[in-house]
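[1] Below is the sequence, then the predicted model.
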Amino acid sequence: MTINPSIAINYADRHPTGAARVLETLPIEDVTAFFDDVPATRAAPILAEMPVQVAAAAVAGFSRDHAAAIIRVIPFQNAVRILRLVAPAVRTEVMAELPASRARQISHALQLPPTSVGAWTDGSQPAFAKTRRVSECMDILKASRARAPQTIYVVDDARRVLGELHLMDLVRAPRDAHVADLQLGAAASIPATMPVASAALDDRWVKKDVLAVTARSGELIGGFSHRD
């Protein structure tokens, strides 16, 4: 297959879904070759639109540093689904190249049943220690590439949830105040082992945009929204 790289990549940037539909019909060797020189931030949206079996086969054919770069920026759920399907040896090598926090979040999700809440929980949900100053929290949120959260959790030293804040409560607070000094709302939580089907029927969605997902130890894993 002969491809004009600049035309193909520019098209894929503008139409990731359309590009995914074309690429998924090609031999996996051609799919892997196409992504070889595509930066991770441009490759991830296209791979996220492809059937997970095809995306996993492509990722398995990448160099480990390129695969890890993509797994680092692709949506969390896509990352977990892809890594479930690659060979264990490949998964181990890719995970070793990830930042420790991302690797830990994915590793935890992979240990849970695929139909559980924990397997689909995005660990990037903001959570700050009670001793953090508001100014530090705001700087971290501004530096993050994730979408602006509506709910922010406050945790103790063991990452157990103490309460939650709405983003605007943090924005309006004095920048030199500690998070613990702010008025926290009660956080609603669900266990990571809960089936997704059961979580979807939780009556707290009427009042909550996101529920805290906790491990058996009480440690916060992340947030699970009704959209998730």
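    Nice, I can see it.
[2] who touches the spatially most central residue of the chain in this structure?
    Centroid-nearest residue in the chain, with CA atoms, centre = their mean: residue 76, separated by 2.8 Å. Residues in contact with residue 76, defined by CB atoms under 8 Å, 6 or more residues apart in numbering, are 105-106, 109, 121-124. C-beta coordinates here come from the backbone N, C-alpha and C atoms, glycine included.
[3] And the furthest pair within the residues you listed?
    109 and 124 (12.3 Å; CB to CB).
[4] Neighbour count: these two, which is higher?
    The neighbour comparison of residue 109 against residue 124 (other CB atoms under 10 Å) goes to residue 109, with 27 against 18.
[5] my guess is the more buried one meets residue 121, correct?
    Yes - under the criterion of CB atoms under 8 Å, residue 109 makes contact with residue 121 at 6.7 Å.
[6] Show me the helices in this protein, by range?
    Ranges of helices in the chain, per DSSP state H, are 5-14, 16-23, 28-35, 40-49, 52-61, 64-73, 76-85, 88-96, 100-111, 134-143, 167-172, 196-200.
[7] hey, C-alpha coordinates of the fourth one in PDB?
    Written as PDB, here are the backbone C-alpha positions of helix 40-49 (Å, rounded to 0.1, in the frame of the first residue of the first chain):
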ATOM      1  CA  ALA A  40       0.900   9.600  20.100                       C
ATOM      2  CA  THR A  41      -1.400  12.600  20.600                       C
ATOM      3  CA  ARG A  42      -2.600  12.300  17.000                       C
ATOM      4  CA  ALA A  43      -2.700   8.500  16.900                       C
ATOM      5  CA  ALA A  44      -4.700   8.100  20.100                       C
ATOM      6  CA  PRO A  45      -8.000   9.600  18.900                       C
ATOM      7  CA  ILE A  46      -8.000   7.400  15.800                       C
ATOM      8  CA  LEU A  47      -7.200   4.200  17.700                       C
ATOM      9  CA  ALA A  48      -9.900   5.000  20.200                       C
ATOM     10  CA  GLU A  49     -12.400   4.900  17.300                       C
END
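[8] before we move on, back to that, any idea which of the contacts of residue 76 has the most stuff around it?
    residue 121 (29 neighbours).
[9] gap between it and residue 34?
    For residue 121, the distance to residue 34 equals 31 Å [CB to CB, to the nearest Å].
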